[in-house]
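In: Predicted structure and sequence below. I'll ask about it afterward.
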There are 2 protein chains.
Amino acid sequence: MVAGPTVSIRDVAAQAGVSVGTVSNVLNRPDIVAASTRSRVLAVINELGFVPNDAARQLRRGRGRTLGLVVLDVANPFFTDVARGVEDATGEAGMAVIFCNSDGDPGKESRYLDLLEEQRVQGVLITPVDDANERLVRLRERGVLVILLDRRSTRTDVCSVSVDDRLGGELAVRHLVEAGHRQIAFVGGPWRLEQVRDRHQGALHALHEAGLSEQNMRRFETASPTVAAGRDAASRILGQPRSSRATAVFCANDLLALGVLQELTRQQVRVPQDIALVGYDDIEFAAAAAVPLSSVRQPRQRLGRTAAQLMLEEANDPEGHRHQQVVFEPELVVRESSRYARPVD
Amino acid sequence: MVAGPTVSIRDVAAQAGVSVGTVSNVLNRPDIVAASTRSRVLAVINELGFVPNDAARQLRRGRGRTLGLVVLDVANPFFTDVARGVEDATGEAGMAVIFCNSDGDPGKESRYLDLLEEQRVQGVLITPVDDANERLVRLRERGVLVILLDRRSTRTDVCSVSVDDRLGGELAVRHLVEAGHRQIAFVGGPWRLEQVRDRHQGALHALHEAGLSEQNMRRFETASPTVAAGRDAASRILGQPRSSRATAVFCANDLLALGVLQELTRQQVRVPQDIALVGYDDIEFAAAAAVPLSSVRQPRQRLGRTAAQLMLEEANDPEGHRHQQVVFEPELVVRESSRYARPVD
DNA sequence: GGATAACCTTGACACGTTTCAGCCCGGGCG
DNA sequence: CGCCCGGGCTGAAACGTGTCAAGGTTATCC
């Protein structure tokens, strides 16, 4: 373990008395080199503390061992869990993840895509800010694998991994209807997010299925999917005349639901006896809320993991790969916040 | 904007009728090339959609434009906020962050450090798993800048950015003592984490300062700093004989505090009337808890930002750089969970 | 014993940049 | 006129690795 500023494959070769090519083979195709040579070379590598230079490898091979992950918000536990899934899958494959946070800003997103292109990443896993993903098409043309995350692709020439948001909304509201609720509030926003609209659609479907109409579900749009916006929505709900006030709230996102819960509690409204509550995402803090939150669970980690695997698969067999749209099914997790059967009127 | 599989600096040179060196100069030292040439080259770059290959640049220059960030837990909002700070600072400088999650596992940490070394990152910002950072010394010897994050360096040849955990513990417990509490529970762990020990130290100091002794603070160690562990600790606290039971709980971390809060609520113990509660970190969910949580706030984002800046600074001026230990001061944020003055016995 | 094959190893080239010594050329100065 | 100077540009040499055709050495088989 010598201190030398930088030791290259050449130094190893010299020290081990073999050629550079052989050392390279020991590293990349250990099977084709004789056992004795291999162990000798490995010993020298260890002794010298040689660490291969991935930049050189990448230069030679064309593409490197990194991939980009672009999400809408690092601070949202949903995305951190997705990230963990990605990280697991790529870690096993010895790849590095370059983590980018677009913050919902198209400008930031674009700058990050430039950066990833310069890095010649193998692929990009991305939840795009808007649907005009013209930029992504260009990436693909340059040979960068693109995989849509938590967004279903409309094009068939791109992989996507998402969760059935319509079904999720359906599960939540069906559960509430079955518990006897007839006045339900839907809290979600901003409305331009496809996910929010789909969940709302699903909710409507469950209503109709039960012979109810849109009259039975009032919509409360929020400016952002945050805790503060949830508190605000709750105030608005409580402002309704008692007679027509919702007895249940379905939030398009757990952060919103936590905000709603907080405000309801503050105003002495009991959950679930006075108002039942169901969230979406089932982030860790949902189960940990003072009133454990019912929520629609998404396989977040699996989402990330699958996306990464799809990418690795395409990278390893570019020809044989068929693009696919993976859609997971969400699952309703019932906890205390909705565990109360409403007496029939 | 031609589709060509990959366009290099050479293609640009040919098309613009200049030499490769000139194109490189346009990119890196625009001032030394004549205005007319410069604009012509830029036009061609645009037309061809040329994107420089960072691997080649890195190979030539020795170091690239990436840095590594190694944290203990992606899922902990504390670290995601730190990450955001890092990302802000590096984004401005056009650098990429490779995000790694050691999960508190020395093995994973070590593998990630290998990976970062292969990437020839400029530097590594790390919250090490244990103190035996012999591995980090080796990194430094190889020319990788190392900066300790949320950990104070004992060595003087390494930068570190941290928060005064002793002071944090002091603030929390002084606050509780002043509110009249004489039996306090300290919840934290695992004990090998320096942060936990320091916060405990500070807590003790506040006690002594008020003329109280260690008898007045019982320690509840947890296996991990998670919500579940917090719930467990709360049960143990409630299992104490009523007479000597703590009237206040100080948790070394907000996740723990949320768990404690959840269990107390479940067991009908009122917060703060029956038991007051103070957490640590002031993550977003602290303010959003059903009983808003008092907490010791750390400048999380600033922590990350400062660490990144320190690294950039050292990278730009390796000689003139003096290593420093930046220590921020934490701040107590009092919310409902401890807003109750205990009647004097 | 020689031919053939099987197995290892070699050496040189390529990847896309940056860097640097040097070349060219026009202008200012003595 | 000869000289020097300096701005602008060129061309080639690295950087550290992967790849691949070709060479070398044994073992195998007739």
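Out: Received it, and whenever you're ready, just let me know what you need.

In: For chain B, what's its nearest residue on the stretch 51-200 of chain A.
Out: A:Phe99 (3.6 Å; C-beta to the nearest C-beta). (Glycine included, C-beta is placed from N, CA and C.)

In: you'd agree that residue is up against B:Val86?
Out: No: A:Phe99 is beyond contact range of B:Val86, at 9.8 Å (criterion: C-beta atoms under 8 Å).

In: between those two, what contacts are shared?
Out: The contact sets of A:Phe99 and B:Val86 overlap at B:Val97 (C-beta atoms under 8 Å, 6 or more residues apart in numbering or on different chains).

In: Look at the two and report which has more neighbours.
Out: Set A:Phe99 next to B:Val86 and count neighbours by other C-beta atoms under 10 Å in any protein chain shown: B:Val86 wins out with 28 against 25.

In: Need phi/psi at that one.
Out: Backbone torsions for B:Val86, taken as degrees, to the nearest 10, come to phi -60, psi -50.

In: Setting aside sequence neighbours, what's the nearest residue to it?
Out: Distances taken as C-beta to C-beta, 6 or more residues apart in numbering or on different chains put B:Gly304 closest to B:Val86, at 3.9 Å, once the chain neighbours are dropped.

In: Could you list the residues in contact with the helix or strand hosting that neighbour?
Out: B:Gly304 is part of helix B:300-316, with elements assigned from DSSP states H and E. Helix B:300-316 is contacted from outside by B:63, B:67, B:78, B:81-90, B:93, B:95, B:122-123, B:125, B:145, B:147, B:149-150, B:159, B:161-163, B:281, B:321, B:324, B:326, B:328, using C-beta under 8 Å, 6+ apart.

In: could you redo the last one with a cut-off of 6 Å?
Out: Helix B:300-316 has contacts (C-beta atoms under 6 Å, 6 or more residues apart in numbering or on different chains) with B:78, B:81-82, B:84-86, B:88-90, B:93, B:122-123, B:125, B:145, B:147, B:149, B:159, B:161, B:321, B:326.

In: of those residues, buried ones?
Out: Among the contacts of helix B:300-316, those buried by neighbour count (16 or more other C-beta atoms under 10 Å in any protein chain shown) are B:78, B:81-82, B:84-86, B:89-90, B:122-123, B:125, B:145, B:147, B:149, B:159, B:161, B:326.

In: so what's the residue in chain A positioned nearest to chain B closest to, chain neighbours aside?
Out: Nearest to chain B in chain A, going by C-beta to the nearest C-beta, is A:Ala290, at a distance of 3.0 Å. Among residues not flanking A:Ala290 along the chain, B:Ala290 sits closest, at 3.0 Å (C-beta to C-beta, 6+ apart).

In: try A:Ala56
Out: B:Leu59 (5.3 Å).

In: ok, now which ones touch the residue nearest the centre of chain A?
Out: By C-alpha atoms, centre = their mean, chain A has its centre lying nearest to A:Val82, at 3.7 Å. Contact analysis of A:Val82 by C-beta under 6 Å, 6+ apart lists A:Arg300, A:Leu303, A:Gly304.

In: ok, and the most crowded of these?
Out: A:Gly304 (29 neighbours).

In: how about the helices in the stretch 51-200 of chain A?
Out: With DSSP state H, counting those that start in this stretch, the ranges of helices along the stretch 51-200 of chain A come out as A:54-61, A:77-92, A:106-118, A:134-141, A:165-178, A:194-209.

In: circling back to that earlier point, near the residue nearest to A:Ala56, how many other residues are there?
Out: Neighbours of B:Leu59 (other C-beta under 10 Å): 19.

In: What does the pLDDT read for it?
Out: pLDDT recorded at B:Leu59 is 94.

In: how far away is it from A:Leu67?
Out: According to C-beta to C-beta, to the nearest Å, B:Leu59 stands 20 Å off from A:Leu67.

In: Need phi/psi at the closest residue to DNA strand C within chain A.
Out: Taking C-beta to the nearest atom of the strand as the measure, chain A has A:Gly21 as its residue closest to DNA strand C, at 2.6 Å. Phi and psi for A:Gly21, reported as degrees, to the nearest 10, are phi -60, psi -40.

In: Enumerate every residue touching it.
Out: Residues near A:Gly21 by C-beta under 6 Å, 6+ apart: none.

In: Could you measure from it over to A:Ile32?
Out: A:Gly21 is 11 Å from A:Ile32, where distance means C-beta to C-beta.

In: How about A:Glu221?
Out: Counting by C-beta to C-beta - A:Glu221 and A:Ile32 are separated by 63 Å.

In: More neighbours: which of these two?
Out: For A:Glu221 versus A:Ile32, neighbours defined as other C-beta under 10 Å are more numerous around A:Glu221 (15 against 10).

In: Skip the chain neighbours and tell me the closest residue to the more buried one.
Out: A:Gly189 (4.3 Å).

In: and that neighbour, what are its phi and psi?
Out: When quoted as degrees, to the nearest 10, the phi and psi of A:Gly189 stand at phi 160, psi 170.

In: Give the burial count for it, as a bare number.
Out: For A:Gly189, the count of nearby residues is 22 (other C-beta under 10 Å).

In: Does it touch A:Ser224 like I think?
Out: No: look at A:Gly189 against A:Ser224 with C-beta atoms under 6 Å: they stay out of range, at 7.1 Å.

In: Close to chain B: what parts of the stretch 51-200 of chain A are there?
Out: By the rule C-beta under 6 Å from any C-beta of the partner chain, the part of the stretch 51-200 of chain A lying against chain B is A:51-52, A:54-56, A:58-59, A:74-75, A:80, A:83-84, A:87, A:96-99, A:101, A:115, A:117-120, A:141.

In: quick one: A:Gly107 and B:Leu258, what's the gap?
Out: Remark: distance between A:Gly107 and B:Leu258 (C-beta to C-beta) = 35 Å.

In: what about the two, which has more around it?
Out: More neighbours surround B:Leu258 than the other of A:Gly107 and B:Leu258, with 29 against 10 (other C-beta under 10 Å).

In: What strand or helix carries the more buried one?
Out: Using DSSP H and E, the element containing B:Leu258 is helix B:254-266.

In: Report the buried residues of that helix.
Out: Those would be B:Asp254, B:Leu255, B:Leu256, B:Ala257, B:Leu258, B:Gly259, B:Val260, B:Leu261, B:Gln262, B:Glu263, B:Leu264, B:Thr265, for helix B:254-266 by 16+ other C-beta under 10 Å.

In: again, but for stretch A:233-245
Out: A:Ala233, A:Ala234, A:Ile237, A:Arg245.
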